[in-house]
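Colleague: quick one: sequence plus predicted model below, questions after.
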Amino acid sequence: MNKQLMINLVNTLTKYKDGTGEHDRAIFKTFLYGVFDETNRNFTVVKHLELLAEVLVEKRRVDLVDDIAFANHNAAYELDAHLRELK
């Protein structure tokens, strides 16, 4: 996965997480669970968590890790490890 695609992912998550409507929260939750589903062979982020950690730091959206923990606690744990390495 290239960095621009990961940036787009974080931007999309941010847009819908920060949205004010119920519709925004529903899209956020659906998208979040979809991209962190380890059985999703078409678009899975769990193989690129180091890159995701870099983008989260650059975009100042490390807070998304808490939401990621609900979708995939193993991915969130690994993300935390990558984030600690970046500090």
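Modeller: Thanks, I have it.

Colleague: tell me which element Leu51 is part of?
Modeller: Applying DSSP states H and E as the criterion places Leu51 in helix 49-58.

Colleague: what comes up buried for that helix?
Modeller: By 16 or more other CB atoms under 10 Å, the buried positions in helix 49-58 come out as 49, 51-56. Just so you know, the C-beta spots here come from the backbone N, C-alpha and C atoms, and that holds for glycine as well.

Colleague: ok, stretch 59-77 next?
Modeller: Neighbour-count burial for stretch 59-77 flags 61, 64-65, 67-69, 71-72, 75-76 (criterion: 16+ other CB under 10 Å).

Colleague: convert the C-alpha atoms of that stretch to PDB, please.
Modeller: The C-alpha trace of stretch 59-77 is given here as PDB (Å, rounded to 0.1, in the frame of the first residue of the first chain):
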ATOM      1  CA  LYS A  59      -1.900  14.000  10.500                       C
ATOM      2  CA  ARG A  60      -2.000  14.300  14.300                       C
ATOM      3  CA  ARG A  61      -4.800  11.800  14.500                       C
ATOM      4  CA  VAL A  62      -3.300   9.200  16.900                       C
ATOM      5  CA  ASP A  63      -6.700   9.400  18.700                       C
ATOM      6  CA  LEU A  64      -8.000   7.100  15.900                       C
ATOM      7  CA  VAL A  65      -6.200   4.200  17.600                       C
ATOM      8  CA  ASP A  66      -8.800   4.100  20.300                       C
ATOM      9  CA  ASP A  67     -11.500   3.600  17.600                       C
ATOM     10  CA  ILE A  68      -9.300   1.000  15.800                       C
ATOM     11  CA  ALA A  69      -9.200  -1.000  19.000                       C
ATOM     12  CA  PHE A  70     -12.900  -1.600  18.800                       C
ATOM     13  CA  ALA A  71     -12.600  -2.900  15.200                       C
ATOM     14  CA  ASN A  72      -9.400  -4.900  15.700                       C
ATOM     15  CA  HIS A  73      -7.700  -4.900  19.000                       C
ATOM     16  CA  ASN A  74      -4.600  -6.800  17.700                       C
ATOM     17  CA  ALA A  75      -4.100  -4.100  15.100                       C
ATOM     18  CA  ALA A  76      -4.400  -1.400  17.700                       C
ATOM     19  CA  TYR A  77      -1.900  -3.100  20.000                       C
END
